[in-house]
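# For reference, the sequence and a predicted model appear below.
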Amino acid sequence: MSIVDLSEILPWNLSLEGRRAHSIHPASDLGLRVSLWSGDITRLKMDAIVNAANRRLAGGGGVDGAIHRASGSDLHRACLALKGCPTGSAKITRGFHLPADYIIHCVGPIGEKPDLLRSTYQRALELCTENELQTVAFPCISTGAFSGLSPTQRLSLLLHMSRTYFANANSSVENWSTGIFCTTIKSISPGCGSLCCDSDSADLFIHTFRY
């Protein structure tokens, strides 16, 4: 498995979508560090990647299964020790055989329940602060078989959630380096583009790999 370092990812404003959005919303510091990237989240060298987990933390399909396969049996044992995780929350383990140091296991809701989805994103960001993690990659949570909101709606919710969190967090935004928000959509919609371009709360990347 080849490892992907953040230095290999093109800033979002240099992409076609980024140049178009940047011409409309030119004042963003954040937009200069945004990327559209197609690849495998398990290859990213980060402080942490986020797993779209189930309540038993037992592994499953999609990104959950991919992360468990790449991380190995040590992850399975670590998840068993956590004794599950309620919907709307998140728990953390080591990354074991992944390039990422940690895995944050987020349990999103089934169906259209934005409050619970917002809660699991919130807890994941809190775990980043508590563990002094500066780089983290998020997949879209509660999509596919568990879909209630579209990937674009989930991305918009995550961007809003992150901006609110860093505006209110006790820890300084300066301690946050890079957030990679991963989605299966191929480009950023105009609404999401404006969110990227009017916030300087965190770095943003978009991941378009289908598991």
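Arrived safely.

# buried set for the helix or strand L75 falls within?
Following DSSP states H and E, one finds L75 within helix 73-82. Within helix 73-82, the residues scored as buried using 16 or more other Cβ atoms under 10 Å are 75, 78-79. For glycine as for every other residue, the C-beta is placed from the backbone atoms N, C-alpha and C.

# Using PDB, list the CA coordinates for that helix.
Taking Å, rounded to 0.1, in the frame of the first residue of the first chain, the C-alpha atoms of helix 73-82 are listed here in PDB:
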ATOM      1  CA  SER A  73      -6.600  -7.800  13.900                       C
ATOM      2  CA  ASP A  74      -5.200  -5.500  16.500                       C
ATOM      3  CA  LEU A  75      -7.900  -3.000  15.600                       C
ATOM      4  CA  HIS A  76     -10.600  -5.600  16.100                       C
ATOM      5  CA  ARG A  77      -9.300  -6.400  19.600                       C
ATOM      6  CA  ALA A  78      -9.100  -2.700  20.500                       C
ATOM      7  CA  CYS A  79     -12.700  -2.200  19.300                       C
ATOM      8  CA  LEU A  80     -13.900  -5.200  21.400                       C
ATOM      9  CA  ALA A  81     -12.400  -3.600  24.500                       C
ATOM     10  CA  LEU A  82     -14.400  -0.400  23.900                       C
END
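
# For the remainder of this discussion, apply numbering that starts at 36.
In the new count, where the first residue is 36, that last one comes out as helix 108-117.

# Next, the angle from the helix or strand just after that helix to helix 108-117.
Using DSSP H and E, the helix or strand that follows helix 108-117 towards the C-terminus is strand 125-129. Here the directions of strand 125-129 and helix 108-117 differ by 140 degrees (axes from the mean of the first three to the mean of the last three Cα atoms, to 10 degrees).
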